[in-house]
Each structure stands twice: as structure tokens, then as C-alpha cells.
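Visitor: What would the 3D arrangement of this be:
(chains A, B, C and D)
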2 protein chains.
Amino acid sequence: MATIYDVSVLAGVSLATVSRVMNKNAKVSEKTEKKVLDAMAQLGYRPNAIAQSLASNCSNSVGVLVSELRGHFYGSMMSGIEAEFRIAHKHVIIAAGHSEEQLEKEGIEFLISRRCDALILHVEAVSDEYLIELCKGSIPVILINRYIEQIEDRCVHLNNELGGYIATKAVIDQGHRDIAYIAGPYWKEDAQNRLHGHKRALAEHGLTFHEQLVFEGDYREESGAKGFRALHDTNFPFSALVCANDEMASGAMDAVRGKGLSMPNDMSVMGFDNNVLANYMFPKLSSVDYPIAEMGHMAAKMVLKQCYQSPQTNLNNIFDPKLVLRDSISLR
Amino acid sequence: MATIYDVSVLAGVSLATVSRVMNKNAKVSEKTEKKVLDAMAQLGYRPNAIAQSLASNCSNSVGVLVSELRGHFYGSMMSGIEAEFRIAHKHVIIAAGHSEEQLEKEGIEFLISRRCDALILHVEAVSDEYLIELCKGSIPVILINRYIEQIEDRCVHLNNELGGYIATKAVIDQGHRDIAYIAGPYWKEDAQNRLHGHKRALAEHGLTFHEQLVFEGDYREESGAKGFRALHDTNFPFSALVCANDEMASGAMDAVRGKGLSMPNDMSVMGFDNNVLANYMFPKLSSVDYPIAEMGHMAAKMVLKQCYQSPQTNLNNIFDPKLVLRDSISLR
DNA sequence: GTTATAAATGAAAGCGCTTACATAACAATA
DNA sequence: TATTGTTATGTAAGCGCTTTCATTTATAAC
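Guide: Just a heads-up that it's a prediction; the model follows:
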């Protein structure tokens, strides 16, 4: 593999000159430029990004840590980030944390050791303190989907409370009065916030909140089915079910059918996240869109501004979810 | 950020010694080792992977090029690859090619310029010749989901013909005799192969193939719906529909319902790929599993063997898809 | 034709490591 | 104690670039 030295020899110029034509950061006469370009082409020269990074102390790449490489949510997030960086000719180095503290830390170490110019993290297991400490370091960090007050300007997150509110309000607007709710695990902040929004929507519309109409799930499909059965078995009547995510809604829908009820007439169902799945279910699931791709774009823009002096406007940290109505909710 | 030099000074030893304790590749007395380790801890030293790569000419990372960062298929693929490398303490650098020749080439260039020790590629737009040429280079390449005869030992691919066969046979085994088929775009080799398998299954079971019962889709949902309507409108009767992927099956299922038919009684539907979606549809879609995650594992194992001298057994290039029966097919 | 000034180029140090080779330290043997 | 063989450690070159600073060359002004 040809090096800059080979190019310089073939072109009959110095290393510095070759470097200049590569980086276009200093005037080079047209004649020499051509000689160099020709030599590069002839040798099939590819600059060694590793050596460039070492010498310039800038890797032109940003580290992204996601919990998983698979799944709609992370896919959209990575996709949003990558799209933004691609046009800026920056690159992305991805690592997976698997929601385990040890692995998340290792992932971050890896990205730092690769001298990423900035980090965009989706982490769950690592502590607030660790992240606050990390932010004090020299390398810029953006957190997606996590809110920590002390470093709030580095957090890009969703207004989950509003999302919970919107979801329930959508159902109320269709005339439902008896509304059950399958929540996410209470130890997760987003689950708490969504539930809070649900309660606020009820209150603002003069409906009372009943403990019997809430079930704590774990965001997985099976817990949705389990939740619906549990709620149904209490015989506390309800005509609509709001779920804190789409997977649980799917599980719940199976259970609804299992009870011989039809949707949306006997039971309206509302999801959350607007996972691709929502569009493939039957009936197509109404949901609250989680604009994770846009949030990825935003995180990338912040990095572009902070690290690469790219001018950026309209930066904001908190995103509002939006209602997506499909077929799973009926008028009552 | 502390360097190896800072460590060596603090520990009162030479750079070389520090390097030795990091890499454990030469004997260092326990006493000095401890001094070095202490110094590292005290400084919070993190080796600079960039400098290591440059000096050692080995980056301990392998480049992965996918078409998209989102979507079940690529997510599973990346996940499989990453899982395998994680236990070997190798890392993955991911780039996206977006199925465009230019971007695919740029992605490959990027990965090479980052001096990845090997490449795992899922490319569609780039020519066979380009890839054959690439394989002649010094850096090992594995191709996923593509078969090129001249470099077949570097290709990890699916037996699509068998998949098409299995899909149709599953339907035949349930007693269906009149079977329609929505194919992928004919310019794609996998679409051709799946269709071929379909025809073989018909032939082997004494059924004749009718041109009127095939529709060429484009693998997207909408074309499934369009396909079913077109097939249905010919009035050529069929009781089962085999689709060359799950998205088209989903579109078709919508169209089936649109015609007031119920599934699976009036119409059995078979998918292909076993996308997560299949499990969320109603009725749950029977499909042919595309073991892309395992194929990712396999590609990673091949790299581990070729580049990192890790002993590996049971390597194989071609994978057989497997039938996954769910609720979308009825007995006839 | 000088001289002053700007533009183009080159020489060389340095980025943070690895590693071949040289040297020092130590133990074992005669 | 001198000699040899081991083992531990240090020295310094080099990986492929960037970048500062010095030097050369071209251009303009007088």
C-alpha cells in the first residue's frame, strides 16, 4: 500500500507538498498539484487515516454507543446520526453496550481509545455520576434518551410525560371514559413519566384514575398479554387500553383476540413509540411517535457544531412526541 | 490525556517496558510490572489505539459495510457479527452503503483507510469485478449475501432456491394445489432463485406452473398489495399465496382483507425472511427463516480464523433456510 | 538591476506507540 | 573469581502522516 512518501518521490516533491495537496490547506502551484495528483492516481494512493489521526490529533470520526445493534429504535437512531455525518464527511464508529454497566463502560473506553472526536451515547446501565464525570473530560459527549440535570445541555431526550398525555388524550377524544393502562417498569424514568402523562390527561378531562386499571409491564410483548388478561379479569370495565409501548400493545392485542373481543369495536388499543411494527399489526396500531431518528440528527448536529465548527441553528434538547392515528381506536 | 511517556516517567522505567506490560508479550519482573501498573492507574492512562495501530500495523478492528443501519435484517447481521467479535476482543467499525455504488465504494475506502484488519461486506450496487479485484488486495474480505463464483470461498450466502422450494412445499403439504406467487424483482439474483425453488416444488408435486399466477414485485409492502389485487383480478383461482418476502406478504394480507376474504381460511399466505414483523402480523405469518444473524457469526469466525489465527471449526459458506410455521396457512 | 514582498516549497520535528537490537543485571557453572 | 548463559531493561528507529519554520523562487515596486 503506497504511502505519502512513495507519492512524493514519484511526483518529485516533498512530503509536505503532498500533504498540502491532500488537505488543500495551503497554496500549491497548479503545476505541482497536478504532478502530485497524477502520482497519487498512478499509485492508487489512499491516505492512511490512522496516521492522519495521530499526526493531526483529529480522527474525523465520532463514537456512537447504542444498547443494541438490532431493533427498530437503535436502527433509526444510528441511521439518523449517520445521515447527518455523512453529508459533513465525518464518520461514525459504533459500539454496543447491551445495557450492562461493564459493557457500556468498555464501549466508551473503546471509543475514547480510538480517539473519537466526540461521543454520542445511548446508555442505560451506567450511573449519572459516571456520566457527569465523563462530561468533564476533554472529549465532547452527547447523551440520547437520558436526562441528567447537571449536564442537561448535553442531553437530547423526549418529553415522555407529554407522550403519555397525548396517548390517553387521543383515546379520550374518541369518547372513551374507561381507560386501562399498561405501564413500563416503574424503575425506568420514562415509564414513570409516561404514566404521569396518562394520569394528567385523565384528570384534565374529569376522569378519575383507578389503580385497578393499571398494570406494570416490562416493555416486552408477553407482559402486554399478561397485563390485558390481568386487567380484564378484575372485571373492572374499560373500553380502551393505552400501552406504554408498541410491543406490549401487540401482546395485549393477542390477548384481546384471545378473549374473543374484536378490535377496535370491543376494545380500542393505543401504543407508544410508533415502532415499524405498529404499521404491520392488525388492526394497524395507533401510536405516539418517538422521533428517535430526528433526535439522532440533532445529536449529530450538536457534535458538528461543538467539534467541527459547523454552523448550526435551531438546536434543541427536548423533543415532543406526536400522535399517529391508525385503525386501533374506535369512536365511542 | 496521559501518554505512555508519562507513565514511564512516573514509574521510573523506559517506554519499552511500559509497552511490554501493556501487551504482555515479554517478560517483565513482578516488581517493575507493579510500578507500571500503579503509574497507569494513578494517571488514568488509556492506550491510544490509533498510535498502537500505526506502530503495530494491526488495528484489531474489522470493517463492516451494510446497506442500511436500520431494519431487522441488517440489525441482526451486525448483531451477529459483533457478538462473535466481542468475545474475541476485536472491534467493529460500521459503515453504510445505501445500496448505491458510489457510497458503497466510499464506505469500503473509508474502512480500508482506517486500516481495518479485515472487511465484511453486504454490498449490492458494486460490480462483481470490483469485488474480485478487491479480494486480490492484502486485506481479507468476506461477502455476505452475495455469491461470486471466482471468490466463492469468501462468500457467505443463503440457499435461496431451497428457500423458495420450502416455502411452496409448506403450502402444498397443507393440501393446496392452486398457488400464486409474488416474486422479488427479477434483476435480483435471490429473487430469481426463490422463484426457481417455487417452480421446482410445484413440479416435484405434479402441479403445473401458470404464468398468470406470478407477479413481479419489488420486495416492498405496497407491491405485495398491488400483486395480490392483480392476481385476484385475473380470476385465475388460487387458495394460497407465497410471497418472496415478508413485507410483500404484509401488503398482500392487507389486500386480501380488502377483498373481504379471511385468512387463513379463504386465503393462506406464506412469507419469506422471517422478519420480526412476521410475528406481529395477524394472522401471524408463516415464513422461511433467513438465518442472517448466524451468517454474521460465520463471517466473523472466518475473519477470526484468517486474520487473527483463532482456531475455528465447522466453517461453511452456504446456509439453508428453515420453515417457520405460524397461523397464516390453513389445511385444505 | 536592485531591493522589498509575497508565494511556493522543503527540511525536520513530533504525534504515541512497537519492536529489533544493544546493554545491563543477575544467576549458574566451572 | 572468571566465564558463560539467561533474563530484564533500555535505546532508538520507525509506522505514515501534519505542521512549524526556514529557505527558495517568483513577482512587483522602485
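Visitor: okay, CA-based contacts and neighbour counts for the rest of this
Guide: Fine.
Visitor: three-state assignment of A:G63?
Guide: At A:G63, secondary structure determined by DSSP: H, G, I helix; E, B strand; the rest coil is strand.
Visitor: what residues are up against it?
Guide: Residues in contact with A:G63, defined by CA atoms under 8 Å, 6 or more residues apart in numbering or on different chains, are A:92-95, A:111-112, A:116-120.
Visitor: For it, give me the pLDDT.
Guide: A:G63 carries a pLDDT value of 96.
Visitor: could you check the distance from it over to DNA strand D?
Guide: With distances taken as CA to the nearest atom of the strand, to the nearest Å, A:G63 is found 21 Å from DNA strand D.
Visitor: now A:A16
Guide: Taking CA to the nearest atom of the strand as the measure, A:A16 falls 4 Å from DNA strand D.
Visitor: In the stretch 101-250 of chain A, which residue sits closest to DNA strand C?
Guide: Nearest residue of the stretch 101-250 of chain A to DNA strand C: A:S113, at 8.5 Å (CA to the nearest atom of the strand).
Visitor: how many neighbours does that residue have?
Guide: For A:S113, the neighbour count with other CA atoms under 10 Å in any protein chain shown is 16.
Visitor: How about the contacts made by A:H176?
Guide: By CA under 8 Å, 6+ apart, the residues touching A:H176 are A:239-240, A:331-332.
Visitor: Got a quick ChimeraX command for the buried subset of those?
Guide: One line in ChimeraX is enough to select the buried ones among these; burial here means 16 or more other CA atoms under 10 Å in any protein chain shown:
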select /A:239,240
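Visitor: Take the contacts of A:H176 and keep only those in helices.
Guide: In helices, defined here by DSSP state H, there are no members of the contacts of A:H176.
Visitor: Same list (the contacts of A:H176) but as TSV, adding pLDDT.
Guide: As requested, the contacts of A:H176 are exported to TSV (pLDDT from 0 to 100):
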residue	pLDDT
A:S239	97
A:A240	98
A:L331	95
A:R332	87
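Visitor: do you know how far the nearest residue to A:V36 once chain neighbours are set aside is from DNA strand D?
Guide: Spatial nearest neighbour of A:V36, chain neighbours left out: A:A11 (5.3 Å); criterion: CA to CA, 6 or more residues apart in numbering or on different chains. A:A11 sits 14 Å away from DNA strand D, taking CA to the nearest atom of the strand as the criterion.
Visitor: Might you report the residue contacts of A:A11?
Guide: The contact partners of A:A11, by CA under 8 Å, 6+ apart, come to A:35-36, A:38-39.
Visitor: Report the buried members of the residues you listed.
Guide: Neighbour counting by 16+ other CA under 10 Å classes A:35-36, A:39 among the contacts of A:A11 as buried.
Visitor: Closest to chain B out of those?
Guide: Nearest to chain B, judged by CA to the nearest CA, of the buried ones among the contacts of A:A11 is A:A39 at 18.1 Å.
Visitor: For stretch A:221-240, which residues meet the burial criterion?
Guide: A:221-229, A:231-232, A:238-240.
Visitor: got the residues you listed as CSV, with secondary structure and distance to chain B columns?
Guide: As requested, the buried residues of stretch A:221-240 are arranged in CSV below (DSSP: H, G, I helix; E, B strand; the rest coil; distance: CA to the nearest CA, whole Å):
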residue, secondary structure, distance to chain B
A:E221, helix, 10
A:E222, helix, 12
A:S223, helix, 15
A:G224, helix, 13
A:A225, helix, 13
A:K226, helix, 16
A:G227, helix, 17
A:F228, helix, 17
A:R229, helix, 19
A:L231, helix, 22
A:H232, helix, 22
A:F238, coil, 24
A:S239, coil, 21
A:A240, strand, 20
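Visitor: ok, those vs A:L69, which is closest?
Guide: Nearest to A:L69, judged by CA to CA, of the buried residues of stretch A:221-240 is A:E221 at 19.5 Å.
Visitor: what separates the closest one from A:M248, distance-wise?
Guide: Here the distance between A:E221 and A:M248 works out to 4 Å (CA to CA, to the nearest Å).
Visitor: Then A:R114?
Guide: On the measure of CA to CA, A:R114 and A:M248 end up 39 Å apart.
Visitor: quick one, which of those two is more surrounded?
Guide: Set A:R114 next to A:M248 and count neighbours by other CA under 10 Å: A:M248 wins out with 29 against 24.
Visitor: Does that one lie in a helix or a strand, and which?
Guide: Here A:M248 sits within helix A:246-258, counting by DSSP states H and E.
Visitor: measure the residue in the stretch 51-200 of chain A that DNA strand C sits nearest to to B:V18 for me?
Guide: The minimum distance from the stretch 51-200 of chain A to DNA strand C, using CA to the nearest atom of the strand, falls at A:A55 (3.2 Å). From A:A55 across to B:V18, the span is 22 Å (CA to CA).
Visitor: So if I had to pick from these two, which one is more boxed in?
Guide: Taking neighbours as other CA under 10 Å, A:A55 and B:V18 compare with B:V18 leading, 26 against 11.
Visitor: B:V7 is in contact with the more buried one, correct?
Guide: Yes - here B:V18 lies in contact with B:V7, judged by CA atoms under 8 Å, at a distance of 7.3 Å.
Visitor: what touches both of the two?
Guide: Counting by CA under 8 Å, 6+ apart, the residues touching both B:V18 and B:V7 are B:V36.
Visitor: Any residues of the stretch 51-200 of chain A in contact with chain B? List them.
Guide: Taking CA under 8 Å from any CA of the partner chain, the part of the stretch 51-200 of chain A that reaches chain B is made up of A:51, A:53-54, A:68-72, A:74-76, A:78-79, A:92-95, A:113-115.
Visitor: one step back: just to be sure, which of the contacts of A:G63 are found in helices?
Guide: Counting by DSSP H, the contacts of A:G63 contribute A:111-112 to helices.
Visitor: Could you work out the most separated pair of the contacts of A:G63?
Guide: Taking CA to CA, the two most distant members of the contacts of A:G63 are A:A95 and A:D117; they sit 15.0 Å apart.
Visitor: buried ones in the helix holding A:M248?
Guide: Across helix A:246-258, burial judged by 16+ other CA under 10 Å covers A:246-256.
Visitor: domain ranges for chain A?
Guide: Chain A breaks down by automatic domain parsing into domains covering A:4-47, A:59-158, A:160-290.
Visitor: Now A:R229. Nearest residue, chain neighbours left out?
Guide: Leaving aside its chain neighbours, A:R229 sits nearest to A:A255 (6.6 Å; criterion: CA to CA, 6+ apart).
Visitor: Now do the same contact list for the one you found.
Guide: Residues in contact with A:A255 (CA under 8 Å, 6+ apart) are A:225-226, A:228-229.
Visitor: Can you show me the helices along chain A?
Guide: For chain A, the helices defined by DSSP H cover A:4-11, A:15-23, A:30-43, A:49-56, A:72-87, A:101-113, A:128-136, A:160-173, A:189-204, A:221-233, A:246-258, A:292-308.
Visitor: Could you name the helices and strands sitting against the fourth one?
Guide: Here helix A:49-56 is seen to pack against helix B:49-56 when contacts are counted using 3 or more CA pairs under 8 Å, 6 or more residues apart in numbering or on different chains; DSSP states H and E.
Visitor: between the helix it packs on and helix B:15-23, how many degrees?
Guide: 110 degrees (axes from the mean of the first three to the mean of the last three CA atoms, to 10 degrees).
Visitor: in helix B:49-56, what's buried?
Guide: Buried residues in helix B:49-56, defined by neighbour count with 16+ other CA under 10 Å: B:49-54.
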